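Peer 1: Just the structure for this:
(one chain, ligands or ions: 2)
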Amino acid sequence: MSKPTTLYDKIWNDHLVHEAEDGTCLLYIDRHLVHEVTSPQAFEGLRATGRKVRAPEKTLAVVDHNVPTTDRTKPNPDPESIEQIKALADNAREFGIEYYDEFDKRQGVVHVIGPEQGFTLPGTTIVCGDSHTSTHGAFGALAHGIGTSEVEHVLATQTLIQKKAKNMRVTVDGKMPEGVTGKDIILAIIGEIGTAGGTGYVLEYAGDAISALSMEGRMTVCNMSIEGGARAGLVAPDQKAYDFLRGRPKAPKGADWDAAMRYWEKLRSDDSAHFDHELRLDAAKLPPIVTWGTSPEDVISVTGIVPDPDQIADEAKRLSKHRALKYMGLTAGTKITDIKLDRIFIGSCTNGRIEDLRAAAKIAEGKTVSAHVNAMVVPGSGLVKEQAEAEGLDKIFIKAGFEWREPGCSMCLAMNPDKLAPEERCASTSNRNFEGRQGFKGRTHLVSPAMAAAAAIAGHFVDVREWR
Ligand SMILES: CC(C)[C@H](C(=O)O)[C@@H](O)C(=O)O
Ligand code: SF4
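Peer 2: Residues are numbered from 1 along each chain as shown. Ligands and ions are numbered 1, 2, ... in the order given. Predicted coordinates for the structure are as follows:
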């Protein structure tokens, strides 16, 4: 009998090309996603040394971070973005890589389009010069971010130099209450382990609350694994994953699909597999969560109050949380539901998929965005946008006073015209809330799509469990 292994061990072993004596490994990479921010120097490196892209058919490029989300037939106001976008278009053409430009219906945030096209598949290794590549782990793929020099290495060789991470299992059991989502699960996990808690680990999410999540929900959970310090997050593939992928443009067809399924069905951790660390969470006890500070670990229930840093014994941590409160313009003791918002952002690779927009639209239907709030909905891809429009979600949002935008990273990060002004306060469905993330001196509160939509209408945070 062979040694019991985890899902991560299995995918790793099946992709191991070489292991050196010091544990440095060469891993085969099945899928490489490329975007405009982290690829220009990588292509430049190939050009400088006269190398080609080794497996163009395993590489897919899309523009997402720098694109404006307003009418793209109008000139782009930012010269740097124009250059960045042009560089990717030119590189894709020169190196023979499939590319979705800003006018392509398939364009969107890289981590939304991978699964959508069936480019993301169970049991594959997937990399991208982007930390939120962990999203694809929802399908039981070993997926993680890489740096620009590694992007060049993968382009040239289709392999990556890696050291094996440790295994951590996060078991989430219990029935999630109405109004609580995958976003609240992952925020609660990060609140528990802290932003460094997952360092050196690949996380496998298990338990009946994870099984009960849709693929969209699982992607939200895996997406933020990196915010908990982990390289990657994984969920063992099941019928939901197969149903999501079947028939997608790049998913295998016919006999190839059947053969793939036979492999995919073996992709689970053995019962007696060893995990270096185990964590358990009861989903039934989770409230809707809001972040109050400048780290995704600064979580609190919507029914709570802004915590008092003076209660923290560790001095460095106490000072840093005081600084966070000052930056956020908040006072300890303030009720979360008394925090007024200026902006609402519904979108990103964390929560810009169809289910997220449905959840937000359900809250917004027949209501009006508060007079002092500017709210926008940015679909994660052109296909998400098309689907939402087919369901009439755009009309619900527009009628309620939300802006309905073109797909892209948008206000998740301040790399395009969608930005917060200094001191503007935003309820955002994205994944990062550090200083300046959504614009210089902007203040970000991370929440689920339903919580963001409800806050848009009320003008302050409200408990979606009591929404009428
Ligand atoms: C620009 C890119 C390198 C970056 C990342 O790696 O995650 C971005 O997508 C982000 O979310 O901060
Ligand atoms: S949506 Fe945000 S987190 Fe996702 S890739 Fe874009 S910038 Fe990064």
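
Peer 1: Can you name the residues that contact the closest residue to ligand 1 within the stretch 251-400 of the chain?
Peer 2: For the stretch 251-400 of the chain, the residue positioned closest to ligand 1 under Cβ to the nearest ligand atom is residue 349, at a distance of 7.7 Å. No exception for glycine: its C-beta is placed from N, CA and C like everyone else's. Going by Cβ atoms under 8 Å, 6 or more residues apart in numbering, residue 349 touches 109, 110, 111, 112, 132, 135, 223, 380, 409, 412, 431.

Peer 1: and if you look at residue 203?
Peer 2: Residue 203 makes contact with 168, 169, 170, 225, 228, 230, 232, 233, 234, according to Cβ under 8 Å, 6+ apart.

Peer 1: Take those residues and lay them out in a markdown table including neighbour count and distance to residue 65.
Peer 2: As requested, the contacts of residue 203 are arranged in a markdown table below (neighbours: other Cβ atoms under 10 Å; distance: Cβ to Cβ, whole Å):
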| residue | neighbour count | distance to residue 65 |
| --- | --- | --- |
| 168 | 25 | 30 |
| 169 | 23 | 33 |
| 170 | 28 | 29 |
| 225 | 31 | 20 |
| 228 | 28 | 23 |
| 230 | 29 | 23 |
| 232 | 27 | 21 |
| 233 | 31 | 22 |
| 234 | 32 | 25 |
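
Peer 1: which ones are touching the nearest residue in space to residue 339 that is not next to it in sequence?
Peer 2: Taking Cβ to Cβ, 6 or more residues apart in numbering, and ignoring the residues beside it in sequence, residue 339 has residue 461 as its nearest neighbour in space, at 5.4 Å. The contact partners of residue 461, taken as Cβ under 8 Å, 6+ apart, are 290, 302, 336, 337, 339, 341, 427, 445, 447, 451, 454, 455.

Peer 1: tally of neighbours for the second one?
Peer 2: By the measure other Cβ atoms under 10 Å, the count of residues near residue 302 is 24.

Peer 1: same thing with the first one?
Peer 2: For residue 290, the tally of surrounding residues (other Cβ under 10 Å) stands at 27.

Peer 1: For residue 437, see how far away it is.
Peer 2: Using Cβ to Cβ, to the nearest Å, one obtains 16 Å as the distance from residue 290 to residue 437.

Peer 1: Please apply the same query to the second one.
Peer 2: Spatial separation of residue 302 from residue 437 under the definition Cβ to Cβ is 21 Å.

Peer 1: Then the last one?
Peer 2: Distance of residue 455 to residue 437, given as Cβ to Cβ: 18 Å.

Peer 1: who's more crowded, these two?
Peer 2: Remark: of residue 455 and residue 437, residue 455 carries more neighbours, 29 against 20, as counted by other Cβ under 10 Å.

Peer 1: Quick check: residues of the stretch 101-250 of the chain near ligand 2?
Peer 2: Near ligand 2, the residues belonging to the stretch 101-250 of the chain are 109, 110, 111, 130, 132 when assessed by Cβ under 6 Å from any ligand atom.

Peer 1: Which element, helix or strand, includes the residue in the stretch 151-300 of the chain that ligand 2 sits nearest to?
Peer 2: Sorted by distance to ligand 2 under Cβ to the nearest ligand atom, the residues of the stretch 151-300 of the chain start with residue 223, at 7.5 Å. Secondary-structure assignment from DSSP states H and E places residue 223 in helix 215-223.

Peer 1: mean confidence score for that helix?
Peer 2: Taken as a whole, helix 215-223 has an average pLDDT of 98.

Peer 1: Now do that helix: which elements does it pack against?
Peer 2: Counting by 3 or more Cβ pairs under 8 Å, 6 or more residues apart in numbering; DSSP states H and E, the packing neighbours recorded for helix 215-223 are helix 110-117, helix 182-193, strand 201-206, strand 232-234, helix 239-245, helix 348-351, helix 354-364.

Peer 1: How about the longest helix along the chain and ligand 2, any contact?
Peer 2: Scanning the chain for the helix with the most residues, using DSSP state H, yields helix 79-95. No. Contact between helix 79-95 and ligand 2, assessed by Cβ under 6 Å from any ligand atom, is absent, since the two come no nearer than 13.5 Å.

Peer 1: Run the chain-centre distance for that helix.
Peer 2: Using Cα atoms, centre = their mean, to the nearest Å, the mean C-alpha position of helix 79-95 is found 24 Å from that of the whole chain.

Peer 1: do stretch 337-354 as well
Peer 2: Using Cα atoms, centre = their mean, the distance from the centre of stretch 337-354 to the centre of the chain it belongs to is 14 Å.

Peer 1: thinking again about what came up before, in JSON lines: the helices and strands packed on helix 215-223, plus distance to residue 468.
Peer 2: Output for the helices and strands packed on helix 215-223, formatted as JSON lines (distance: least, Cβ to Cβ, whole Å):
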{"stretch": "helix 110-117", "distance to residue 468": "31"}
{"stretch": "helix 182-193", "distance to residue 468": "20"}
{"stretch": "strand 201-206", "distance to residue 468": "33"}
{"stretch": "strand 232-234", "distance to residue 468": "35"}
{"stretch": "helix 239-245", "distance to residue 468": "31"}
{"stretch": "helix 348-351", "distance to residue 468": "23"}
{"stretch": "helix 354-364", "distance to residue 468": "10"}
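
Peer 1: will you turn those into TSV that also has mean pLDDT and distance to residue 2?
Peer 2: As requested, the helices and strands packed on helix 215-223 are arranged in TSV below (pLDDT from 0 to 100; distance: least, Cβ to Cβ, whole Å):
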stretch	mean pLDDT	distance to residue 2
helix 110-117	98	31
helix 182-193	98	31
strand 201-206	98	19
strand 232-234	98	20
helix 239-245	98	25
helix 348-351	98	37
helix 354-364	98	39
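
Peer 1: between those, which gets nearest to residue 281?
Peer 2: Shortest separation from residue 281 across the helices and strands packed on helix 215-223 is recorded for helix 182-193, at 6.3 Å, computed as Cβ to Cβ.

Peer 1: mind listing what's buried in that closest one?
Peer 2: Along helix 182-193, the positions that meet the burial threshold by neighbour count (16 or more other Cβ atoms under 10 Å) are 182, 183, 184, 185, 186, 187, 188, 189, 190, 191, 193.

Peer 1: before we move on, back to that, quick check: what element follows the longest helix of the chain along the chain?
Peer 2: If you walk from helix 79-95 toward the C-terminus, the next helix or strand you reach (DSSP H and E) is strand 98-100.

Peer 1: do you know how far the residue nearest to residue 174 when sequence neighbours are not counted is from residue 299?
Peer 2: Ranked by Cβ to Cβ, 6+ apart and with sequence neighbours excluded, the top spatial neighbour of residue 174 is residue 284, at 3.5 Å. The span separating residue 284 from residue 299 equals 18 Å under the rule Cβ to Cβ.
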